[in-house]
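S.K.: Just a sequence and a predicted model for now, questions to come.
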Amino acid sequence: MPKPPVLTPQATDFPKWYQDVVSKAELADNGPVRGTMVIRPWAYGIWEQLQGQVDRRIKGAGAQNAYFPLLIPASYLQKEAEHVEGFAPELAVVTQGGGKELEEPAVIRPTSETIINSYFAKWINSYKDLPLRINNWSNVVRWELRPRLFLRTTEFLWQEGHTAHATADEAQGYAVGILEDVYRQVIVDVMGIPVIPGLKTDKERFAGAIRSWTVEGMMGDGKALQMGTSHELAQNFAKAFDIRFQDQNGEMQHPWQTSWGVSTRLLGAAIMVHGDDHGIRLSPRLAPTQVVVMQLAEDEPVAEAARATVQELLARGVRVELDDRVDRGFGRRATDWELKGAPVRIEIGKRDIEGGVATIADRVDRSKGPVPLTELVARTIEVLDGQHQRLYDEALTRRTERTVDVATVDEALEAAGSGFARIPWAILGVEGEEALAKQGVTVRCLVAADGGLPEPGADDLVAVVARAY
RNA sequence: CGGGGAGUGGCGCAGUCUGGUAGCGCACCCGGCUGGGGGCCGGGCGGUCGCAGGUUCAAAUCCUGUCUCCCCGACCA
């Protein structure tokens, strides 16, 4: 007998589907303070995969990890005018400590430009100290009016990179390099999500930056999500914090800076891009557990075959988990793994053993069938190898189908109802951007006419507009 | 802050209009049977009905006040 669906179907109510899947797949719970989030082990495991992939590439880009304090003197935030203005509304401020009123309130970091740059000022003296490239894995707090788990929470986890360079060109190259070689790569090659790299408009620019670069993804409902940003700070913070170096000619100069980050928001994208009515779907490159071996019966030969399969897969470097909860109904267990998006399930029961086979279930298309035990490991790895590309292709197809070129603001509005619209920036302009904003549609980014990364000053830029999370 | 809705075992809800001392589903615990898509049968644990006052012989239910949460909009990784 078919049971009622576990999740609200996406087509019925996408936001409800999202809430359902976050809860049923045991990804996260709301924290006790509004806007806070408890990240449960499965979702945290995904985050750890992402961290590893991002961290490796950041280090490849020459940055080193360090840690800066959670609490920042309130006065630091004041030093860069646009930065204060941008963050003031979302600050959490500590006014008491040890039972006493603090002489100077401390803000909980909403981002760490100010405190990190105050140290850059100490550490940078000569051109020989440049480039200085620091990355901080941390939590930050931005008081949110309307939180949504993973997508917009008051406290979230991220990495924030901060660099200082001798020239503007080098800083720009670095900011773009992080966008392309770290963020785009991880999102495309690990998460299996197509993204549009582009330039933020002034309206969407980071508070304190001269240019913000972004990678934008399309979610399952056609809305956009900013998945990573990289900023060129020019000399704004260097001037505010008096960071100076002596160049080869003995002249004092302010360095050119960047900052860049990706956050636990990426988990929201992982859920919303590949999720279906049965749960989330994870690329094997992202999944904490790639293969779940389900022992179906309380039976020694079956248990033995299951354990042996786990060992063989482990030996091949597969992240594999044994599910021997035979006191649970089969349906429950299968559904649980499907909700969580484990890429491959191997079911081993008495029937399989008797027939010398096991059953492989592919989460991507939910196909399932018997495979001879002798070929089990090879076939499993074959399935794993193919899944990432299939997920990527599905998402890319959807994005392509839901992206249209338009020539007027009205057409852009209409198109943004179901996906992305591309409109020449020369036509849209700042006024058009405002008009769209009144209808809840924003310019996600500006791209070159051919869809690639734009030259900042170019006059043939195309705006990608959409509703966004 | 503006507009809507809701607070009743862990979760989802009924009961409120018409006061009579709290119920259902899921989850959880125990036993057995099952075991190939959220299993079945039986037996259990668990709630001072958001909070504070008031009316009444009697309040989840009526009155007053208050707090909180959720959804839609304005700010945002």
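M.R.: Structure's in. What do you need?
S.K.: which residues sit in contact with the closest residue to RNA strand B within the stretch 201-350 of chain A?
M.R.: Among the residues of the stretch 201-350 of chain A, residue A:331 lies closest to RNA strand B, at 2.1 Å counting by C-beta to the nearest atom of the strand. (Glycine included, C-beta is placed from N, CA and C.) Residues near residue A:331 by C-beta atoms under 8 Å, 6 or more residues apart in numbering: residue A:3.
S.K.: give me the element it is part of.
M.R.: Here residue A:331, judged by DSSP states H and E, is contained in helix A:330-340.
S.K.: same question, residue A:423
M.R.: Counting by DSSP H and E, residue A:423 is found in strand A:420-424.
S.K.: what's the neighbour count on residue A:322?
M.R.: 17 (other C-beta atoms under 10 Å).
S.K.: wait, does the strand or helix carrying it contact RNA strand B?
M.R.: Take DSSP H and E as the rule and residue A:322 turns out to sit in strand A:320-323. No: under the criterion of C-beta under 7 Å from any atom of the strand, strand A:320-323 makes no contact with RNA strand B; the nearest approach is 11.2 Å.
S.K.: Next one: the residue most central in space within chain A from residue A:279, what distance?
M.R.: In chain A, the residue lying closest to the centroid (C-alpha atoms, centre = their mean) is residue A:266, at 2.0 Å. The gap separating residue A:266 from residue A:279 is 18 Å, by C-beta to C-beta, to the nearest Å.
S.K.: got it, and residue A:393?
M.R.: Taken as C-beta to C-beta, the span from residue A:393 to residue A:279 is 20 Å.
S.K.: So the two - more neighbours on which side?
M.R.: Here residue A:393 and residue A:279 are set side by side on neighbour count (other C-beta under 10 Å), and the busier one is residue A:279, at 24 against 12.
S.K.: Report the contact partners of the more buried one.
M.R.: Residue A:279 makes contact with A:6, A:7, A:21, A:24, A:25, A:338, A:339, A:340, A:341 under the criterion C-beta under 8 Å, 6+ apart.
S.K.: give the contact list for the last one.
M.R.: Just to be clear, that refers to residue A:341. Remark: with contacts taken as C-beta under 8 Å, 6+ apart, residue A:341 is in contact with A:25, A:274, A:275, A:279, A:280, A:281, A:282, A:287, A:363.
S.K.: what do you get if the cut-off is 10 Å, keeping everything else the same?
M.R.: With contacts defined as C-beta atoms under 10 Å, 6 or more residues apart in numbering, residue A:341 is in contact with A:21, A:25, A:27, A:42, A:46, A:270-271, A:274-276, A:278-283, A:286-287, A:289, A:363-364.
S.K.: just how off-centre is the helix or strand where residue A:352 lies within its chain?
M.R.: Taking DSSP H and E as the criterion, residue A:352 maps to helix A:350-355. The chain centroid and the centroid of helix A:350-355 are separated by 42 Å under C-alpha atoms, centre = their mean, to the nearest Å.
S.K.: Does anything pack onto that helix? Which helices or strands?
M.R.: helix A:300-315, strand A:357-362, strand A:367-372 (3 or more C-beta pairs under 10 Å, 6 or more residues apart in numbering; DSSP states H and E).
S.K.: Would you indicate which residues of the last one are buried?
M.R.: The reference is to strand A:367-372. With burial defined by 16 or more other C-beta atoms under 10 Å, the residues of strand A:367-372 counted as buried are residue A:371.
S.K.: model confidence over the helix or strand following that strand, on average?
M.R.: Along the chain past strand A:367-372, the next helix or strand (assigned with DSSP H and E) turns out to be helix A:376-401. In this model, helix A:376-401 has an average pLDDT of 98.
S.K.: Would you mind measuring from the nearest residue to residue A:458 once chain neighbours are set aside to residue A:422?
M.R.: Nearest in space to residue A:458, with sequence neighbours left out and distances taken as C-beta to C-beta, 6 or more residues apart in numbering, is residue A:448 at 6.7 Å. Taking C-beta to C-beta as the measure, residue A:448 falls 11 Å from residue A:422.
S.K.: Residue A:310 now?
M.R.: The span separating residue A:310 from residue A:422 equals 48 Å under the rule C-beta to C-beta.
S.K.: Report the separation between the two terminal residues of stretch A:83-97.
M.R.: Taking C-alpha to C-alpha, to the nearest Å, stretch A:83-97 runs 26 Å from one end to the other.
S.K.: I should have written stretch A:147-166 there, sorry.
M.R.: End-to-end distance of stretch A:147-166 (C-alpha to C-alpha): 39 Å.
S.K.: Check stretch A:434-449 too.
M.R.: Across stretch A:434-449, the straight-line distance between its terminal residues is 22 Å, by C-alpha to C-alpha.
S.K.: Does it reach RNA strand B?
M.R.: Yes: using C-beta under 7 Å from any atom of the strand as the criterion, contacts between stretch A:434-449 and RNA strand B involve A:437, A:440.
S.K.: Pull out the buried positions in that stretch.
M.R.: Neighbour counts using 16+ other C-beta under 10 Å place A:435, A:436, A:441, A:442, A:443, A:444, A:445, A:446, A:447 of stretch A:434-449 among the buried residues.
S.K.: any idea how far the residue sitting furthest away from the middle of chain A is from residue A:346?
M.R.: Most distant residue from the mean C-alpha position of chain A: residue A:354, 45.0 Å away (C-alpha atoms, centre = their mean). When C-beta to C-beta is applied, the distance between residue A:354 and residue A:346 equals 16 Å.
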